[in-house]
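**Student:** using only what follows, build the 3D model:
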Amino acid sequence: MIAKSPTVEKPRAVRHSGDDRRRQIVDAVLDLLAEVGESGVSTPAIAERLGLAQSAIFKHFRSKADIWAAVTEALGAQVGARVERAFATPTAPAIRYSAILEAYLSAAQDLPAIPALLFGAEVQSQRVSPLRETIRRRFGLLRAALADAARAGVEAGALGAGLDVEAFADLGVTLAQGLLVAWQLSERRLDMPCEARRLCGLLWSL
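**Tutor:** Here you go, the predicted model:
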């Protein structure tokens with residue numbers, strides 16, 4: 001008698017929950033942003049990266065706008081957590097001001113998707129879009145944290161009594177954005193948090 005070959009069971013396909021799949025889609029977008037920029041993020045590219053059909057993407061997100069909303073929410077949560085920890089650290093106002101900017105820039109350095117998104121066409125265009133408004137709101141939170149640190153500096157006598165703390169916060173945001181441009185031009189070799197610490201020391205000394 002000829003012995004029968006043992007039956008080999010086919011591996012079962014792994015089924016992902018809706019939340020898991022949404023996280024995978026967001027992670028794929030973050031990777032694409034870091035690698036090729038906003039222009040390279042498309043539903044075909046996302047689907048190819050995950051080994052899915054394009055139609056599967058829209059089972060979890062109704063539109064590309066919804067994907068961008070989830071991406072900015074994920075990035076905002078990561079940046080926000082770092083900034084909040086820096087703001088809550090009990091230290092001198094000048095150190096806190098610098099720490100807030102360092103936290104933001106360290107996040108941008110660790111997550112290149114952030115500058116790719118900030119300097120992308122969707123955000124840089126003049127038209128109002130949900131993505132642009134979300135990022136504008138996030139920057140408002142960063143600016144408010146810097147203004148609070150500057151206000152504490154005035155109260156502690158580390159800054160002049162007549163200082164415009166709102167303008168001082170704007171200087172911090174401008175400094176951060178300038179460092180992001182310099183980081184891109186240096187082919188991501190610039191240590192942004194370290195440079196922010198140096199420049200903040202100069203800013204407060206003035």
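
**Student:** low-confidence bits of the protein, can you list those?
**Tutor:** 1-17, 126, 128 (pLDDT under 70).

**Student:** how about a cut-off of 80?
**Tutor:** Low-confidence segments of the chain, defined by pLDDT under 80: 1-18, 121-131.

**Student:** all the strands of it, residue numbers only.
**Tutor:** Assigned by DSSP state E, the strands in the chain number zero.

**Student:** now F61. Its backbone dihedrals?
**Tutor:** Phi and psi for F61, reported as degrees, to the nearest 10, are phi -130, psi 130.

**Student:** isn't it right up against W68?
**Tutor:** No - using CB atoms under 8 Å, F61 makes no contact with W68, being 9.3 Å away. (Each C-beta comes from the backbone N, C-alpha and C, glycine too.)

**Student:** more neighbours: the two, which one.
**Tutor:** W68 (23 against 19; other CB atoms under 10 Å).

**Student:** neighbours around the closest residue to the more buried one other than its chain neighbours, how many?
**Tutor:** Using CB to CB, 6 or more residues apart in numbering and skipping residues adjacent in sequence, the residue nearest W68 is L131, 4.7 Å away. Using other CB under 10 Å, L131 is surrounded by 20 other residues.

**Student:** swap in L50?
**Tutor:** By other CB under 10 Å, 16 other residues sit near L50.

**Student:** one more: A81?
**Tutor:** 12.

**Student:** so what's it up against?
**Tutor:** Contacts for A81 (CB atoms under 8 Å, 6 or more residues apart in numbering) come out as none.

**Student:** ok, A196 next?
**Tutor:** Contacts of A196 by CB under 8 Å, 6+ apart are S98, L101, E102, L105, L175, A176, L179.

**Student:** need the contact list for the residue nearest to it when sequence neighbours are not counted.
**Tutor:** Here the nearest residue to A196 in space, its sequence neighbours aside, is L101; by CB to CB, 6+ apart that works out to 4.6 Å. For L101, the contact set (CB under 8 Å, 6+ apart) comprises L146, G172, L175, A176, A196, C200.
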